Structures are given as C-alpha cells and as structure tokens.
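**Q** next input, structure requested:
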Amino acid sequence: MGLRHTEHVMGTVFSFDIRDKPTPAIHRALARAVRHLHRVDAVFSTYRPDSPISRLGRGEIRLDDCPPEVHEVLTLCAGAARDSDGYFSATPSGTLDPSGLVKGWATEAASQLLHEAGARHTCVNGGGDLQLRGGASESTPWRIGITDPVRPGRLATVITAHDDLAIATSGTAERGAHILDPHRGIPATAFASLTVVGPRLTMTDTYATAAFARGHGARDWLESLPGYEAFALLPDGRQWRTSGFSRYELPARCT
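**A** Prediction:
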C-alpha cells in the first residue's frame, strides 16, 4: 500500500512518499502537485531569462505584471528579512533571487495538495528539505537521518516525527560555501550544516538559511523563535542543539 513518485524539477529532485491507500483523489492530487512544481520553476527560475522573476529583476516588467504568486513570495521574503534582521535576503548577491524561500514554499504547497485530497501520512522531499505529515504508518513515526558532513558516511542524528513537521538543512557538503552573508556579501562559513525543524517548511527552510548566514549569533536567534528548534554541526566536528531539539531525536544508541 502507498504511492511513491520522483520528479526532477527546479534544478533538484523532489520525491513523494505517500503511505495512505492510493485513492483516485490522491492520484489526482499528486499530478496537481507535480504540475505545481513545474509552474513554480517556470515562474521563479533565475536560470530562465524569460521567467517572470528574471524579467522583474531586470526591470522589464513590474510586480503588477507578474503572476500573483510572485507577490506572495516576495511578501514572505520581506517578512523573513524583517524576522532575521536582514540575514535572509531576496537579493543575496545584489540581484533578485528568492530561491532561498521558493523551494520550501513549493514543497509545502505540494504537501498541502495531498493533504486536501485525504492523504494523512506523507513525506514530500524537496531537494533534502522535507514536509512531513502524520507518520510512516498509524503506529510508526517518520525517521529522518541527518548526515554528518564532517564524517562522510555517518549520521549525525536521527529525527523522529509522528505529526506535522518540517525539516530543513543548510550546509556546505553538496554545493560548497554557497550561502552568502548578505550584510558582508561573502559566503557564510561558521557551520558545516545547520538543521532547523518547525511546523511548516516555507519558514523552516527560510530560517535555516538565515541562521546559517548569521553564523555565530544563530543559536540565540533560533532560541527566540517560538515553535522552531535547531541542530548545528561546526566545521571542527563540534555540535550544538537548541534547548528543545532533543525531543525530536531518537536516543543516541539508535542513531
């Protein structure tokens, strides 16, 4: 029982793991979710010169000329910038690029489409950032391993969830030092990886990016965010956790 699907879109791989009985409504919702991801790519890709976000960034069109989701995303980006003291930015390198929010937002929306169709136990994975609902079954929680970039081939911890939970990890393992500190205009290097958990992926992913960019002040800032917890790996192998993160972890002997 269940339904799985993988889609290459937005320059990464999205996977759908649906543990409910695959009803016709769920099949249709999965198809809508896939179409949604491709539409998001067409609207927000900074690699497509004809995308609305690229044309807006070059000043060829106005915000009012863009699809309505562009206004929604840029409003969310502005709120994230305020919440993070500017460490999240829709113009991280001086040009319009809301990619740091778009992938999580698109993944969360895809999960919501499945939920509205009656799927209660789902994992939607957008390039390593996840929106979980329910559990792997009625009685079994989701178990998500967090890799250790300092010790390749090992897990740093395992997150367990039997309810709605978003998990987002920012790091240097796959793409190198690609997250910029927008205040200094240079790559952020204080962390090897930083994982944030929260209720919904849009802001969980955004806060992971902002905290990674913030660097050494990230722990206190994350502690101030109600409903969010974090796990950090430093380049020298040390770790830290926010005060409530341990309730999401399996005991150490199980990792």
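**Q** contacts for stretch 122-142, please.
**A** The contact list for stretch 122-142 (C-beta atoms under 8 Å, 6 or more residues apart in numbering) reads 10, 12-20, 33, 103-104, 106-108, 110-111, 114-115, 119-121, 143-144, 160-169, 200-201, 204-205, 208. Where you see a C-beta, it was placed from the backbone N, CA and C, and this is true even at glycine.
**Q** quick check: next helix or strand after the host helix or strand of Ala78?
**A** For Ala78, the element it lies in under DSSP states H and E is helix 68-83. As assigned by DSSP H and E, the chain's next helix or strand after helix 68-83 is helix 99-116.
**Q** just the mean pLDDT for that next one, thanks.
**A** Taken as a whole, helix 99-116 has a mean pLDDT of 97.
**Q** what angle do that helix and helix 68-83 make?
**A** 120 degrees (axes from the mean of the first three to the mean of the last three C-alpha atoms, to 10 degrees).
**Q** for helix 99-116, packing partners?
**A** Helix 99-116 sits against strand 12-18, helix 24-44, helix 68-83, strand 122-126, strand 129-133, strand 165-171, helix 201-214, with contacts defined as 3 or more C-beta pairs under 8 Å, 6 or more residues apart in numbering; DSSP states H and E.
**Q** in the longest one, what's buried?
**A** The reference is to helix 24-44. Ile26, Ala29, Leu30, Ala33, Val34, His36, Leu37, Val40, Asp41, Ala42, Val43, Phe44 (16 or more other C-beta atoms under 10 Å).
**Q** residue ranges with poor pLDDT in the stretch 51-200 of the chain?
**A** Applying pLDDT under 70 to the stretch 51-200 of the chain flags residues 172-177.
**Q** sorry, back to before: the helices and strands packed on helix 99-116: which one's closest to Pro92?
**A** Between Pro92 and the helices and strands packed on helix 99-116, the tightest spacing by C-beta to C-beta is seen for helix 201-214, at 8.1 Å.
**Q** the inter-axis angle of the closest one versus strand 122-126?
**A** 40 degrees.
**Q** CA atoms of the following helix or strand past helix 201-214 as PDB?
**A** Beyond helix 201-214 on the C-terminal side, the first helix or strand identified by DSSP H and E is helix 218-223. The C-alpha coordinates for helix 218-223 follow below in PDB (Å, rounded to 0.1, in the frame of the first residue of the first chain):
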ATOM      1  CA  ALA A 218      22.400  32.000  15.200                       C
ATOM      2  CA  ARG A 219      21.900  29.900  18.300                       C
ATOM      3  CA  ASP A 220      20.400  32.800  20.400                       C
ATOM      4  CA  TRP A 221      18.300  34.000  17.500                       C
ATOM      5  CA  LEU A 222      16.900  30.500  16.900                       C
ATOM      6  CA  GLU A 223      16.100  30.100  20.600                       C
END
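**Q** now do helix 218-223: everything it contacts.
**A** Against helix 218-223 from outside (C-beta under 8 Å, 6+ apart): 84-85, 190-191, 194, 196, 207, 211-212, 214, 228-230, 232, 240, 242-243.
**Q** rerun that using 7 Å as the cut-off
**A** When contacts are defined by C-beta atoms under 7 Å, 6 or more residues apart in numbering, helix 218-223 is touched by residues Leu194, Val196, Ala211, Arg214, Tyr228, Ala230, Trp240, Thr242, Ser243.
**Q** distance to Arg184 added to the helices and strands packed on helix 99-116, as a markdown table?
**A** Listed next are the helices and strands packed on helix 99-116 as a markdown table, based on distance: least, C-beta to C-beta, whole Å:
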| stretch | distance to Arg184 |
| --- | --- |
| strand 12-18 | 27 |
| helix 24-44 | 26 |
| helix 68-83 | 16 |
| strand 122-126 | 28 |
| strand 129-133 | 25 |
| strand 165-171 | 17 |
| helix 201-214 | 9 |
